[in-house]
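K.L.:
Dropping the sequence and predicted coords here.
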Amino acid sequence: MAIIRFAQHTGTTRDVPLTEGSNLMDLARANAVPGIDGDCGGSCACGTCHVIVDAAWAARLAPANAEEERMLSMAVDRQPHSRLACQIIATAALDGLRLQVPEHQF
Amino acid sequence: MNNTTQQWVDEKLTRALDKVQATVPMDLQIKGMHLFQKARRRVLKRPPPLPLVETPLPAVDSLPLERIDVTSPFLYRQGVWKSYFQRLRDEAPVHWQGQTPFGGVWSITRYDDILAVDKDHERFSAEPFIIMGETPDGLALEMFIAMDPPRHDRQRLAVQGVVAPKNLQEMESLIRSRVQEVLDELPVGEAFDWVPRVSIELTARMLATLLDFPYEQRHKLVFWSDLISGSTEATGGTSTADEIFEGIPEMARQFAQLWHDKAARLAAGEQPGFDLITLLQSSPDTRDLIKRPMEFLGNLTLLIVGGNDTTRNSMSGGVYAFNKFPKEFAKLKANPGLIPNMVSEVIRWQTPLAYMRRVATQDTVLGGQFIRKGDKLVMWYASGNRDERKFDQPDALIIDRPDARQHMAFGFGVHRCMGNRLAELQLKILWEELLARFEHIDVLAEPEIVQSNFVRGYSKMMVKLTRKAV
């Protein structure tokens, strides 16, 4: 089964089944992954589904667009591979993608 | 008087101001500005703005669409706001009213339209103000909530660390002990006014802590915040321009003193604290803020108003809501794990700030309406949060509502409320500590509602507490 792996700051990880066409924020919320708020419901307007993409995977994702970049620029703890999960659409090619969930959403 | 005269007056004023800003203490500048504005009103024969007089608002069904005006500061107080906004959402979700005391206004009332406007800072600018009207002539406070990127970003990034989750973790036990102190002193079994004893007191303590403001003088912060957010010209409130001009010099003096004291203590080798002033002084973008008085005062005003009316009225609003929906309170007592979601739901239900304003930067179309460059748009969060298209049974408080967090009371996009996590934390702690102590919090009479088109607030709410059986 294709999965997306969410790693928590505590060290635990959760694998959720990958549904093609869903965005990763919805996938996380549907599977009750802790630490992903998604307050704007996936509109790229709140920054509360911040995740850090595993370095090995970062280049394989379509880059953030200007709108996402703008929300990320307001994050307090932005990392080089920070993304908003709601802006990444699951495809079969992402099977095994590992995302770090930050300790806090802001 | 013609426009040329007015231009001449304003040019002289601006030149004189630029000169004094660099040399004269801020409080004296504002006093001088007040005198100048009074003189200017006399020279230009401008009448002072009329106080708004409350009269009963007509039932919305009796009005043709083009006569509906949702800018009245009495709409909420008179309990007609729900029917007015429902009519606009259903029949004219992007609605123009050219004749309001605050000028022509587009009202945006559906959730999705508000979200679209809030996200689009290029088409819809937050400058120069985010309140409906104007600030009093000559008191154009500048604050980053009313600036567009990139200037906005630099100033916000300089201060948001103080309310970021990491810093809040450090403050949680302090907040909790202050909540406990306040609650432990409340009378049980007798009537008292919840607003000053709990809501105002707790937010005042928090503001003083965040600013490292002299704790025993914390009520001044509340006074200044209320004075400014209550501006008649800006929000239809009860503070006149003269009252504001009389109150602000003292605020300017004390904030300037706070700034200089802080700088001196740092220079003398004191460890930097994690308060707002210290943060402003440590960032290259805001280090010399004190030299830009309208921006200095504006941003401090933003931080006190932002942390005052909002949390205060969510604290009162929660108690009021549970009295209207007692089954929800029973649900909460049976399952305190619902507190975090309940906090979001109370914020949605109350929506303590009714709107934010934008100005179109270009001719554009929204919801089928043609909007001209320069038109004012008001995003009515209070309406979006009750939009039946978004929320099931929107007028009901449902503490386990699955999409409560998607409320728009914090706004969306780059201006989204910076203090949202602090607000949630304060409310969470308040309710945890209330549940630990009290069985009931009974509201004894309908609360009194403040006069404003901006702040959806309570000025008085008599309650009686019943202690929890041990």
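P.N.:
Yep, that arrived.

K.L.:
quick one: the strands in chain B?
P.N.:
Taking DSSP state E as the criterion, chain B contains strands spanning B:94-97, B:105-108, B:124-125, B:192-193, B:355-360, B:364-366, B:369-371, B:376-380, B:438-443, B:448-449, B:458-460, B:462-467.

K.L.:
Of all the ones you listed, which one comes closest to chain A?
P.N.:
With CB to the nearest CB as the measure, strand B:376-380 is the member of these nearest chain A (12.3 Å). (Each C-beta comes from the backbone N, C-alpha and C, glycine too.)

K.L.:
Average pLDDT for that closest one, rounded please.
P.N.:
The average pLDDT for strand B:376-380 rounds to 98.

K.L.:
what sits up against it?
P.N.:
Residues from elsewhere that reach strand B:376-380, judged by CB atoms under 8 Å, 6 or more residues apart in numbering or on different chains: B:70-71, B:85, B:103-109, B:114, B:117-118, B:124, B:132, B:354-360, B:366, B:371, B:411.

K.L.:
Of these, keep whichever come out buried.
P.N.:
B:70-71, B:85, B:105-109, B:114, B:117-118, B:124, B:132, B:354-360, B:366, B:371, B:411 (16 or more other CB atoms under 10 Å in any protein chain shown).

K.L.:
Could you list the low-pLDDT ranges of the chain?
P.N.:
With no chain named, the answer covers chain A. The model of chain A has no residue with pLDDT under 70.

K.L.:
sorry, should have said chain B
P.N.:
B:1-23, B:36, B:39-51, B:137-138.

K.L.:
near chain A, which residues of it?
P.N.:
Neighbours of chain A within chain B, by CB under 8 Å from any CB of the partner chain: B:115, B:118-119, B:149, B:153, B:156-157, B:160-161, B:164-166, B:403, B:405-406, B:410, B:412-414, B:416, B:421.

K.L.:
Flag every residue of chain A that's near chain B.
P.N.:
Going by CB under 8 Å from any CB, the residues of chain A near chain B are A:37-41, A:43-47, A:67, A:70-71, A:73-74, A:76-77, A:103-106.

K.L.:
now those residues: which count as buried?
P.N.:
For these, a burial check counting by 16+ other CB under 10 Å picks out A:37-41, A:43-47, A:67, A:70-71, A:74, A:76, A:104-106.

K.L.:
I'd like to know how far the spatially most central residue of chain A sits from chain B.
P.N.:
Closest residue to the average C-alpha location of chain A: residue A:85 at 2.9 Å, with CA atoms, centre = their mean. To chain B, residue A:85 is 15 Å away according to CB to the nearest CB, to the nearest Å.

K.L.:
Would you list the phi and psi of that residue?
P.N.:
phi -60, psi -30 (degrees, to the nearest 10).

K.L.:
give me every residue that touches it.
P.N.:
Per CB under 8 Å, 6+ apart, neighbours of residue A:85: A:23, A:24, A:25, A:27, A:28, A:36, A:38, A:49, A:50, A:51, A:99.

K.L.:
Kindly recompute the last result at 10 Å.
P.N.:
A:4, A:6, A:23-29, A:33, A:36, A:38, A:42, A:48-51, A:53, A:99, A:101 (CB atoms under 10 Å, 6 or more residues apart in numbering or on different chains).

K.L.:
same question, residue B:247
P.N.:
B:30, B:220, B:223, B:224, B:226, B:227, B:228, B:239 are the contacts of residue B:247 under CB under 10 Å, 6+ apart.

K.L.:
Over to residue B:394?
P.N.:
Residues in contact with residue B:394 (CB under 10 Å, 6+ apart) are B:82, B:86, B:111, B:348, B:349, B:383, B:384, B:385, B:386, B:387, B:388, B:401.

K.L.:
what's the burial count for whatever residue of the stretch 101-250 of chain B ends up closest to chain A?
P.N.:
In the stretch 101-250 of chain B, the residue that lies nearest chain A is residue B:165 (3.3 Å; CB to the nearest CB). Residues lying near residue B:165 (other CB atoms under 10 Å in any protein chain shown) number 16.

K.L.:
now do the one 10 residues further on
P.N.:
Neighbouring residues of residue B:175 were enumerated by other CB under 10 Å; the total is 20.

K.L.:
Isn't it up against residue B:168?
P.N.:
Yes - in this structure, residue B:175 is within contact of residue B:168 by CB atoms under 10 Å, at 8.4 Å.

K.L.:
Common neighbours of these two, please.
P.N.:
With CB under 10 Å, 6+ apart, residue B:175 and residue B:168 have common neighbours B:422, B:425, B:426.

K.L.:
Mark which of these are part of helices, please.
P.N.:
Per DSSP state H, helices hold the following members of those: B:422, B:425, B:426.

K.L.:
List only those of the residues you listed flagged as buried.
P.N.:
B:422, B:425, B:426.

K.L.:
Can you tell me the closest non-neighbouring residue to residue B:299?
P.N.:
In this structure, residue B:299 finds its nearest non-sequential neighbour in residue B:143, 5.1 Å apart by CB to CB, 6 or more residues apart in numbering or on different chains.

K.L.:
how many neighbours does that neighbour have?
P.N.:
Neighbours around residue B:143, by other CB under 10 Å: 22.

K.L.:
which ones are touching it?
P.N.:
B:126, B:129-130, B:152, B:155, B:294-295, B:297-303, B:305-306.

K.L.:
next one: residue B:154
P.N.:
Applying CB under 10 Å, 6+ apart, the residues near residue B:154 are B:144, B:147, B:283, B:284, B:285, B:286.

K.L.:
ditto for residue B:405
P.N.:
A:37-41, A:46, A:48, B:340-341, B:343-345, B:347-348, B:424.

K.L.:
nearest to residue B:434, of those residues?
P.N.:
Taking CB to CB as the measure, residue B:434 lies nearest residue B:343 of those, at 12.2 Å.

K.L.:
Now do the contacts for that closest one.
P.N.:
The contact partners of residue B:343, by CB under 10 Å, 6+ apart, come to B:314, B:318, B:399, B:404-405, B:423-431.

K.L.:
try 8 Å this time
P.N.:
Contacts of residue B:343 by CB under 8 Å, 6+ apart are B:424, B:427, B:428, B:431.

K.L.:
Counting neighbours, which of these end up buried?
P.N.:
For the contacts of residue B:343, buried by 16+ other CB under 10 Å: B:424, B:427, B:428, B:431.
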